[in-house]
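[1] what's the 3D shape of this:
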Amino acid sequence: RVAVLPCAGYAAGLHRPVTLVVGDLSFLHDVNGLSLLRGGEMAPPLTVLLVNNKGGGIFSFLPVAGAVGAEAFERLWGTPQNVDLEGICRAHGIPHQRVTSPNDLAPALATAWGINRHSIVEVNTDRHTNLTMHKQLQAAVVAAVHKAHRLL
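    Below you'll find the model as predicted:
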């Protein structure tokens, strides 16, 4: 698993800023690492793009999602969380922004990259909507590939 501290070390090794995209559960597993980022000890800056889908949304893409009942899946793989991630950042003295619409993402990242210190940009998403959108995108790609193959 790749989370906050390994990526901060990666940025330090590169001697340049790094942006990490990480889910909420991975972030929570590495939350103690925020204490090292508090004073900027590990520089250059790490920007964390935190995808908060209130649990293990990535597991919805795996076969197990259809192999067990919805309740068991949610309890064992969805692992819902309701943690105040902004509060955790505040407690560690790490700048935090919450993105509430797609149009707000680019400006939030520009702000994070512009402050030249470790920061968190939290994007709230819905697991079920995300899965549906990915399935629609996959179907469109499959259709385009089949169409292109027929042209050959």
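
[2] and the worst-scoring helix or strand of the chain on mean pLDDT, what's buried?
    Within the chain, no helix or strand scores below helix 34-37, which has a mean of 84 by mean pLDDT, DSSP states H and E. Taking 16 or more other Cβ atoms under 10 Å as the neighbour-count basis, helix 34-37 is seen to contain the buried residues 34, 36-37. Quick note: C-beta positions are derived from backbone N, CA and C, even for glycine.

[3] figure out how far that helix is from the centre of its chain.
    18 Å (Cα atoms, centre = their mean, to the nearest Å).

[4] related to what we said a few turns ago, for the buried residues of helix 34-37, which one is nearest residue 83?
    Nearest to residue 83 among these is residue 34, at 12.9 Å by Cβ to Cβ.

[5] how close does the closest one get to residue 130?
    25 Å (Cβ to Cβ, to the nearest Å).

[6] what about the chain, any weak spots by pLDDT?
    Applying pLDDT under 70 to the chain flags the ranges 1-2, 39-42.

[7] residue boundaries of the helices in it?
    4-14, 24-29, 34-37, 64-67, 70-73, 85-92, 102-114, 127-151 (DSSP state H).

[8] just put those in CSV and tack on distance to residue 47.
    Converted to CSV, the helices of the chain look like this (distance: least, Cβ to Cβ, whole Å):
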stretch, distance to residue 47
helix 4-14, 9
helix 24-29, 13
helix 34-37, 11
helix 64-67, 30
helix 70-73, 32
helix 85-92, 12
helix 102-114, 5
helix 127-151, 21
